[in-house]
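K.L.:
Build me a model from this:
(one chain, ligands or ions: 1)
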Amino acid sequence: MLMLGGIFDLGRSVVGVSNLRCACLAALLIVATFSGCGEQPATAPQAAAEQDNSLEAEIAEMIGKLDEADQKLALEQKFCAVQSHERLGSMGVPAKLELDGQTIFLCCEGCEKSAKADPEKTLARVAELKAANATTN
Ligand SMILES: [Zn+2]
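P.N.:
Numbers count the residues shown, from 1 in each chain. Reported below is the predicted structural model:
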């Protein structure tokens with residue numbers, strides 16, 4: 001709001017009081033430009049952020065139900081080994097699976113069959129997910 005006041009003062013001193021309405025419009029335009037984010041309406045990003053927060057809270061709660069060692073693994077993996085777009089914890093407590101002596105996690109038990117069908121592919125996916133997660137954090 002300090003900035004808006006500054007623009008008003010600037011408008012007054014530059015164009016004079018008689019043109020205050022024009023200065024006012026200019027100020028509104030500038031404010032609109034600053035508050036607008038891309039092509040989305042100003043309310044959309046906020047709504048998305050709120051949704052994200054509740055999803056993150058749910059995921060944290062579900063992962064928190066695992067053993068401490070498992071939590072660490074699940075957080076490293078972050079996404080389901082079968083449906084790699086699906087966050088672990090987004091569909092309830094992540095399903096734990098031993099595959100060739102390695103502990104991996106799935107978003108739900110429904111993915112277990114696919115994970116066991118091709119263990120090599122599943123483990124490769126887990127390694128990929130962990131690597132991606134390690135670089136983004
Ligand atoms: Zn699943």
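K.L.:
how about the longest helix seen in the chain: buried residues?
P.N.:
What stands out as the longest helix in the chain, according to DSSP state H, is helix 43-63. Within helix 43-63, the residues that count as buried by 16 or more other Cβ atoms under 10 Å are 59, 62-63. (Glycine included, C-beta is placed from N, CA and C.)
K.L.:
Looking at those residues, spot the one nearest the ion.
P.N.:
The ion lies nearest to Met62 out of the buried residues of helix 43-63, by Cβ to the ion, at 12.8 Å.
K.L.:
Who are the packing partners of whichever helix or strand Leu123 is part of?
P.N.:
If you go by DSSP states H and E, Leu123 is part of helix 119-136. When contacts are defined as 3 or more Cβ pairs under 8 Å, 6 or more residues apart in numbering; DSSP states H and E, helix 119-136 packs onto helix 68-77, strand 95-99, strand 102-106, helix 112-117.
K.L.:
Let's have the ones you listed in TSV, adding mean pLDDT and mean neighbour count.
P.N.:
Formatted as TSV, those follow (pLDDT from 0 to 100; neighbours: other Cβ atoms under 10 Å):
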stretch	mean pLDDT	mean neighbour count
helix 68-77	97	16
strand 95-99	97	16
strand 102-106	98	21
helix 112-117	98	14
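K.L.:
Redo the ones you listed as CSV? Include distance to the ion.
P.N.:
Below are the helices and strands packed on helix 119-136 laid out as CSV (distance: least, Cβ to the ion, whole Å):
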stretch, distance to the ion
helix 68-77, 13
strand 95-99, 7
strand 102-106, 5
helix 112-117, 8
